[in-house]
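# I would like to see how this sequence folds:
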Amino acid sequence: MPKIVKITLAWVIYVLLCSVLAALLFFVFATKKVQGLTPEAYFDLPEIIKPDTEIRVLFNQPVRVEMVEESFRITPNVAGSIIWDEDGRGFTFAPENILEPGQKYVLAFSGINNYWLPFKAEQEIKIDTSPRVERVSPYEGQGVRSDSRIFVSFNKPVGGYYLDFKIKPEIDFSVEVDDEKKEFALIPKDGLEPEKTYEVEVWRRFLGKGGTGADNEETTARLEKIKSFSFSTLSPLELITNYPQNGKRDILVKQQVTLGFNKSIDLESFRSLLRVEPEVLFQIKPSANQKSVSIVPDAWEQDMDYRITVKEGVRAVDGSYLEEEKVAYFKTGNAGGVVKDERRATDDPVIKDGKYVDINLKSQLLGIYSDGIHLGTYRISSGKSGMQTPTGQYRVLSKERRHWSHKYKLWMPFSMQFTGAGHFIHELPEWPNGYKEGANHLGIPVSHGCVRLGVGPAETVFNFSEIGTVINLHY
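Alright, predicted model coming up:
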């Protein structure tokens with residue numbers, strides 16, 4: 001007869017407990033994780049950390065310290081120390097040196113807790129990149145003015161970094177930085193030397209916690225050069241010639257004014273900083289190389305003082321500029337060449353009794369005098385180089401209101417011959433086709449030896465003079 005085994009309640013409870021424990025152990029070893037029992041590591045770090053940051057790791061429960069330390073690795077390798085919290089639920093890794101800016105590190109370790117439950121942890125750590133030079137001014141090889149500042153701009157604020165700027169050849173300069181600590185201005189105390197090449201170097205070092213840029217031997221020794229660039233200073237733009245010359249009188253109403261510079265100018269800048277007083281309509285015509293410009297008026301007013309001002313700041317093509325305002329000034333004459341101011345052909349008439357005509361070949365002026373009294377001064381055009389008008393005292397030999405020159409085939413109105421060699425005082429000549437010599441030659445020796453006068457003054461001198469009147473020519 002089969003043996004009957006009594007199953008007691010205690011036995012049933014024992015079997016159930018063993019089953020639950022077996023299931024629990026299976027889950028633990030199968031998944032390696034039980035909520036509240038398996039250790040978990042948390043990295044208390046931002047996504048990107050600064051180079052001097054200490055790495056903080058926290059656990060949800062105490063862990064075995066020695067196993068974590070034995071397995072702790074950072075790739076690339078970083079020397080440092082692990083400092084544990086008293087409760088064993090976290091530690092801080094303190095690198096011996098700052099971490100490499102811009103580098104990625106992988107931190108990994110493993111261990112068990114007090115219940116022998118294992119765990120592993122791995123974390124990628126990104127180190128913040130160093131500020132880099134984003135822009136410099138002047139740029140490499142640029143030519144600049146001697147009063148220029150030097151600018152170095154970074155892509156991000158440079159807090160926590162020590163910076164050093166060097167300029168070669170050495171000069172004294174101060175440094176200004178903007179509120180964001182991104183742009184630095186290097187300001188030469190005495191300006192830059194013209195026509196010299198300078199090199200600028202930018203050096204950097206991360207200072208670590210609390211770094212404010214203190215200058216010490218350690219900081220200087222570990223500086224890293226991160227940027228260098230060179231530039232050259234330019235000679236200033238200069239006005240070197242102006243025609244007519246300053247103070248010139250009797251300028252013709254159509255005379256253009258030419259300004260010459262030592263280098264090519266920026267025409268837009270020139271136009272904006274040019275002033276002509278009194279105002280007059282004019283055009284600007286530059287030379288091919290833009291080193292000179294001509295101011296061509298519609299017409300200057302007669303007997304008017306003009307002032308042409310080129311203001312400071314006119315730029316040259318190479319970037320230099322006019323450092324001082326320049327002024328050209330002149331006075332226009334009149335169409336006939338009448339001189340209305342105090343100028344005389346001579347201040348000491350050679351004849352004090354009776355009429356005479358005084359001709360100053362140097363100043364190109366003719367004066368008429370009676371009993372030593374000045375009656376009028378007029379501009380002339382005497383003989384050109386190689387055909388100079390003779391000097392000395394002569395007398396009027398003949399007078400013709402309209403003399404025909406057989407040699408040159410033209411008319412000479414209001415002519416008065418004063419040498420046997422055929423020298424005359426006469427009005428601007430006329431050709432048979434009606435063309436008349438322009439008054440723009442008055443004041444310039446361009447004739448073949450005669451003394452030319454403008455329309456109006458020629459008739460005045462003709463009517464003043466008589467046969468036998470003295471003509472005194474001199475320089």
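# the helices in the stretch 351-475 of the chain, which residues?
Listed in chain order, the helices of the stretch 351-475 of the chain (DSSP state H, counting those that start in this stretch) span 457-464.
# and the strands in the stretch 301-450 of the chain?
305-310, 326-332, 338-339, 355-360, 365-370, 373-381, 392-395, 398-405, 410-417, 424-427 (DSSP state E, counting those that start in this stretch).
# ranked by average pLDDT, which of these falls at the bottom?
Mean pLDDT is lowest for strand 338-339 among the strands of the stretch 301-450 of the chain, at a mean of 82.
# packing partners of it?
Applying 3 or more CB pairs under 8 Å, 6 or more residues apart in numbering; DSSP states H and E, one finds that strand 338-339 contacts strand 373-381. C-beta coordinates here come from the backbone N, C-alpha and C atoms, glycine included.
# okay if I get the strands of the stretch 301-450 of the chain as JSON lines plus distance to residue 49 and mean neighbour count?
Formatted as JSON lines, those follow (distance: least, CB to CB, whole Å; neighbours: other CB atoms under 10 Å):
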{"stretch": "strand 305-310", "distance to residue 49": "60", "mean neighbour count": "17"}
{"stretch": "strand 326-332", "distance to residue 49": "61", "mean neighbour count": "19"}
{"stretch": "strand 338-339", "distance to residue 49": "88", "mean neighbour count": "21"}
{"stretch": "strand 355-360", "distance to residue 49": "91", "mean neighbour count": "22"}
{"stretch": "strand 365-370", "distance to residue 49": "90", "mean neighbour count": "22"}
{"stretch": "strand 373-381", "distance to residue 49": "88", "mean neighbour count": "20"}
{"stretch": "strand 392-395", "distance to residue 49": "102", "mean neighbour count": "14"}
{"stretch": "strand 398-405", "distance to residue 49": "102", "mean neighbour count": "14"}
{"stretch": "strand 410-417", "distance to residue 49": "98", "mean neighbour count": "21"}
{"stretch": "strand 424-427", "distance to residue 49": "97", "mean neighbour count": "25"}
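# out of those, which is closest to residue 287?
In this view, the strands of the stretch 301-450 of the chain are compared for proximity to residue 287 by CB to CB, and strand 305-310 is the closest at 15.8 Å.
# report the angle between the closest one and strand 326-332.
For strand 305-310 against strand 326-332, the angle by axes from the mean of the first three to the mean of the last three CA atoms, to 10 degrees is 160 degrees.
# if I look at residue 292, how far off is residue 257?
According to CB to CB, to the nearest Å, residue 292 and residue 257 sit 11 Å apart.
# rewinding a little: can I get the strands of the stretch 301-450 of the chain in CSV with distance to residue 149?
Formatted as CSV, the strands of the stretch 301-450 of the chain follow (distance: least, CB to CB, whole Å):
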stretch, distance to residue 149
strand 305-310, 26
strand 326-332, 26
strand 338-339, 54
strand 355-360, 56
strand 365-370, 55
strand 373-381, 53
strand 392-395, 67
strand 398-405, 69
strand 410-417, 66
strand 424-427, 64
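# mind listing the strands for the stretch 1-150 of the chain?
According to DSSP E, counting those that start in this stretch, the strands that the stretch 1-150 of the chain contains are 41-43, 48-49, 55-59, 73-75, 80-84, 90-95, 104-112, 118-127, 133-137, 143-144, 150-154.
# redo these as a markdown table? Include mean pLDDT.
Below are those laid out as a markdown table (pLDDT from 0 to 100):
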| stretch | mean pLDDT |
| --- | --- |
| strand 41-43 | 92 |
| strand 48-49 | 89 |
| strand 55-59 | 95 |
| strand 73-75 | 95 |
| strand 80-84 | 95 |
| strand 90-95 | 94 |
| strand 104-112 | 94 |
| strand 118-127 | 93 |
| strand 133-137 | 96 |
| strand 143-144 | 87 |
| strand 150-154 | 97 |
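# please name the nearest non-neighbouring residue to residue 343.
Distances taken as CB to CB, 6 or more residues apart in numbering put residue 377 closest to residue 343, at 5.9 Å, once the chain neighbours are dropped.
# partners of that neighbour in the sheet?
According to DSSP bridges, the residues that bridge with residue 377 are residue 339, residue 367.
# re earlier: residue 239 is nearest to which of the strands of the stretch 1-150 of the chain?
Nearest to residue 239, of all the strands of the stretch 1-150 of the chain, is strand 143-144, at 19.8 Å by CB to CB.
# ok, which of the strands of the stretch 1-150 of the chain comes nearest residue 266?
In terms of CB to CB, the element of these nearest to residue 266 is strand 143-144, at 13.6 Å.
# then stretch 173-193 to PDB, C-alphas only?
Presented in PDB, the C-alpha positions along stretch 173-193 are these (Å, rounded to 0.1, in the frame of the first residue of the first chain):
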ATOM      1  CA  PHE A 173      51.600 100.400 -26.800                       C
ATOM      2  CA  SER A 174      48.600 100.000 -24.600                       C
ATOM      3  CA  VAL A 175      45.800  97.400 -24.900                       C
ATOM      4  CA  GLU A 176      42.100  97.900 -24.700                       C
ATOM      5  CA  VAL A 177      39.500  95.100 -24.600                       C
ATOM      6  CA  ASP A 178      35.800  95.200 -25.200                       C
ATOM      7  CA  ASP A 179      33.100  94.200 -22.700                       C
ATOM      8  CA  GLU A 180      32.800  90.700 -24.100                       C
ATOM      9  CA  LYS A 181      36.600  90.100 -23.900                       C
ATOM     10  CA  LYS A 182      36.600  89.100 -27.500                       C
ATOM     11  CA  GLU A 183      38.300  92.100 -29.300                       C
ATOM     12  CA  PHE A 184      41.600  93.600 -28.300                       C
ATOM     13  CA  ALA A 185      42.900  96.900 -29.600                       C
ATOM     14  CA  LEU A 186      46.700  97.500 -29.500                       C
ATOM     15  CA  ILE A 187      47.300 101.300 -29.500                       C
ATOM     16  CA  PRO A 188      50.800 102.500 -30.200                       C
ATOM     17  CA  LYS A 189      51.600 105.400 -27.800                       C
ATOM     18  CA  ASP A 190      53.700 107.400 -30.300                       C
ATOM     19  CA  GLY A 191      52.200 106.100 -33.500                       C
ATOM     20  CA  LEU A 192      53.800 103.800 -36.000                       C
ATOM     21  CA  GLU A 193      56.900 104.800 -38.000                       C
END
